[in-house]
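Engineer: need the 3D shape of this:
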Amino acid sequence: MSKLFSVIKTGGKQYLVKEGDEIIVDKLDKKEKENVELETLAIFDEGGEKLELGTPLLKEKTQAQVLEHLKGDKIDILRFKAKVRYRRRRGFRAKLTKIKIVKIK
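Structural biologist: Sure, this is the predicted structure:
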């Protein structure tokens, strides 16, 4: 049997995944080792024989497991105005979640 691919939606973004993939998404409010169901937009196989498209979502959900919570790289926000000695510096680190795709459909 050929591999199944799925297009999932979480955090306002879409990801193309297959079973066993580990991806980093925006923070999910779940504990580590907990399972989560993700909204599925499409399911297809690598041979192109099977294709299911949602309008806009499918009834089937993609199963994933939360591996860990982490922080992203630091982003510096600098504000500067010329000739008036105005400088401000802020930093930001996004909160992220690493998940593993357990089951498609």
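Engineer: what is the helix or strand where K74 lies packed up against?
Structural biologist: Using DSSP states H and E, K74 falls within strand 62-81. Judged by 3 or more Cβ pairs under 8 Å, 6 or more residues apart in numbering; DSSP states H and E, the packing partners of strand 62-81 are strand 35-45, strand 86-104. C-beta: built from backbone N, CA, C; applies to glycine.
Engineer: can you count the residues close to D26?
Structural biologist: 13 (other Cβ atoms under 10 Å).
Engineer: isn't it right up against L96?
Structural biologist: Yes. Contact criterion Cβ atoms under 8 Å: D26 and L96 qualify, at 6.6 Å.
Engineer: so in terms of bridging, what pairs with the residue minimising distance to the centre of the chain?
Structural biologist: Note on the chain: the residue nearest the mean C-alpha position is V25, at 3.1 Å, using Cα atoms, centre = their mean. Residues in a beta bridge with V25, per DSSP bridges, are T97.
Engineer: i'd like the first residue to be 329 from this point on
Structural biologist: Renumbered: residue one is now 329, and that last one reads V353.
Engineer: and it, how far from Q342?
Structural biologist: 11 Å (Cβ to Cβ, to the nearest Å).
Engineer: same check, this time on E367
Structural biologist: In terms of Cβ to Cβ, E367 sits 10 Å off from Q342.
Engineer: shared neighbours, those two?
Structural biologist: Residues touching both E367 and Q342 (Cβ atoms under 8 Å, 6 or more residues apart in numbering): I336.
Engineer: which of these two has more residues huddled nearby?
Structural biologist: E367 (15 against 12).
Engineer: which residue, other than its chain neighbours, is closest to that one?
Structural biologist: K337 (4.6 Å; Cβ to Cβ, 6 or more residues apart in numbering).
Engineer: perfect, that will be all.
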